[in-house]
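Peer 1: Just need the structure, nothing else, for what follows:
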Amino acid sequence: MVVYSTTADQEAQVSGSFGELLRECRVAAGLSIGQLAKRVHYSKGYLSKVENDLKLPHETMARLCDGVLDAGGGLIEAARSARDRVVDAGLTLDRRQVLVAGTVLGMALAGGPRPALDERVVAGMRTSFEQLRALGVQTSPVVVLEPLVALLRTVHALALENPEPTRGRLLLLAARIAEYTGWMNQEAGDEQRALAWTRHASELARVGGDREIVSYAFVREAGLALYRQDAANTVDLARQAQLVDRAGPRTLALAARREAQGHALAGDRASFDRALDRAVRLFDVSTPDTRPYPVLGSTAPDPAELARGWSLCDLGRAEESAAVLDRELVRLPAASRRSRARFGARRSLAHALAGEIDQSCATLVGTLDDVAHVDSATVRTDLRELARTLGRWHNHGAVREVYPELRRVLGQRY
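Peer 2: Next comes the predicted model:
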C-alpha cells in the first residue's frame, strides 16, 4: 500500500504503485531519471518524487512519459488508478424523460387552425437555422441558444400539425436543430442539457426516418465522454454509431474519427492508428449530402488530420502533434472561429508540452482572440491545462507577456 502526499494536505492510498511502474519503464528504456526529465520537460526532482510515491502523478506528465517510454497506455491507466480519476458517466436521462421533453417542445402553437405549409416556408425555416449555425461558429453559444430553442419549438409543432411529406421534412429539420442545440449547450458548459438535446435529436430522427442523425447522435455523445476524459465510453459510443443501419460513409467516418480519439485518450496507439485509417478511407469515399440541410459534424478541410494532431498530444507525442496542427490550422477559414480556437489551443498546448515555450506563446497570441469570441467551455479545458504548463516557466519572458491575457480569457463569461 502506497501513500502519496499532495499540496492540498490530502492523502490517497492506492493499490500498487505508479512510481514503481514508471521506474520499470524508464529502466527498460535505458534512461536515467535526468534524461527522462529532459525529454518530458518536467524537473528531475518532481519525477523523483513521483517515482518514490511522494507525489501523485499528473495525467499530462503520465501521457508524456507513456509516449517517451512507449508504454502503450499503461502509465496513463496507472495514473488514473492512482488518482482515482475514473469518472462515472453519471448522466442517466432515460428514454421517457427525453420523450417528455419532446412532448413539451411539440405542444401546439397558440392560436387557431394552421394553413398548410409550402416548400418556400420550410426553406425559410431552414435558412433561419443556417444563419444561426453561421453565427454559432463565430460567437458565444449563449447568443444562439434561445433563438435555436424557439425555432425548434416552432418547427416541431408545425411538423405535428402538417401531413406528409411536409411533416417528414420538418421532423428532419427539427432533428438537425436539436443536434446543434445539444452541441451549443456543450460549448456553454451544460453537459446534462447537451445530452438531453442530443438524445431528443435522435428520437426526432428515428420518427422522421433519418438514420444519419441517429448515428451522429452517438458521435455527439461520444464527444461528451471525450471531454470527460472517459476513454472507454468514448470508444463504446463511437462504435455504436458505426452499427446504425443505413448511415452514410461520412457519418461513419466521423464516428471512426471519434473512436480514434478515444483510443488515443486511453494511450492505445495501435487501435488509434487503425480507427483513424478507417476514418480516412471512409472520408475518401464519402459524397456530399445533396439534401437541403446543413452538413452534420465538422466542415474542416481535413477533419481526420486535425484529429490526428489532437490525439498525438494525448498519446504523449507532443512534438508530432504540434507539427500536424501547425500544418492543418492554416487551412481553416478565418470565419471558422470555433474550430480555430479549439485546435489552436491544442496546438499551443502541444508546443508547450514539447518544451517549445516561445512557439507556444507565439501561437497562443493569435488563438486567444478567437477563444474570447466563441466563449467555449470545451476550449477552456485545454487552456486551463496550458496555463498550468506555462506556469512552470513563469519567469520566461514570453510567458510573462502572454499570461495576463490567458488568465483574462479563462475568467471570461458572457
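
Peer 1: OK, contacts around residue 393?
Peer 2: Residue 393 makes contact with 357, 399 under the criterion C-beta atoms under 8 Å, 6 or more residues apart in numbering. (Each C-beta comes from the backbone N, C-alpha and C, glycine too.)

Peer 1: Now do the phi/psi pair for it.
Peer 2: phi -120, psi 40 (degrees, to the nearest 10).

Peer 1: which residue packs closest to residue 276, ignoring adjacent ones?
Peer 2: Residue nearest to residue 276 in three dimensions, not counting chain neighbours: residue 260, with 4.0 Å by C-beta to C-beta, 6 or more residues apart in numbering.

Peer 1: State the number of residues packed around residue 161.
Peer 2: The number of residues packed near residue 161 is 18, by other C-beta atoms under 10 Å.

Peer 1: What confidence value was assigned to it?
Peer 2: Among the per-residue scores, residue 161 shows a pLDDT of 85.

Peer 1: What separation is there between it and residue 46?
Peer 2: Using C-beta to C-beta, to the nearest Å, residue 161 is found at 64 Å from residue 46.

Peer 1: swap in residue 403?
Peer 2: Between residue 403 and residue 46 the computed distance is 21 Å (C-beta to C-beta).

Peer 1: that older thread, would you enumerate the residues in contact with the residue nearest to residue 276?
Peer 2: Applying C-beta under 8 Å, 6+ apart, we find residue 260 in contact with 271-273, 275-276, 279, 307, 311.

Peer 1: hmm, 10 Å instead?
Peer 2: Taking C-beta atoms under 10 Å, 6 or more residues apart in numbering, we find residue 260 in contact with 234-235, 238, 268, 271-280, 304, 307-308, 310-311.

Peer 1: got the buried residues for the helix or strand where it lies?
Peer 2: In this structure, residue 260 sits in helix 249-265 according to DSSP states H and E. Using 16 or more other C-beta atoms under 10 Å as the test for burial, helix 249-265 gives 250-265.

Peer 1: Now do it: distance to the chain's middle.
Peer 2: 12 Å (C-alpha atoms, centre = their mean, to the nearest Å).

Peer 1: could you give the mean pLDDT of the next helix or strand after that helix?
Peer 2: Later in the chain than helix 249-265, the nearest helix or strand by DSSP H and E is helix 269-285. The average pLDDT for helix 269-285 rounds to 97.

Peer 1: And for stretch 54-72?
Peer 2: For stretch 54-72, the per-residue pLDDT averages 90.

Peer 1: Mind checking what helix or strand follows the worst-scoring helix or strand of the chain on mean pLDDT in sequence?
Peer 2: Least confident element among the helices and strands of the chain, by mean pLDDT, DSSP states H and E: strand 11-14 (a mean of 36). Using DSSP H and E, the helix or strand that directly follows strand 11-14 along the chain is helix 18-28.
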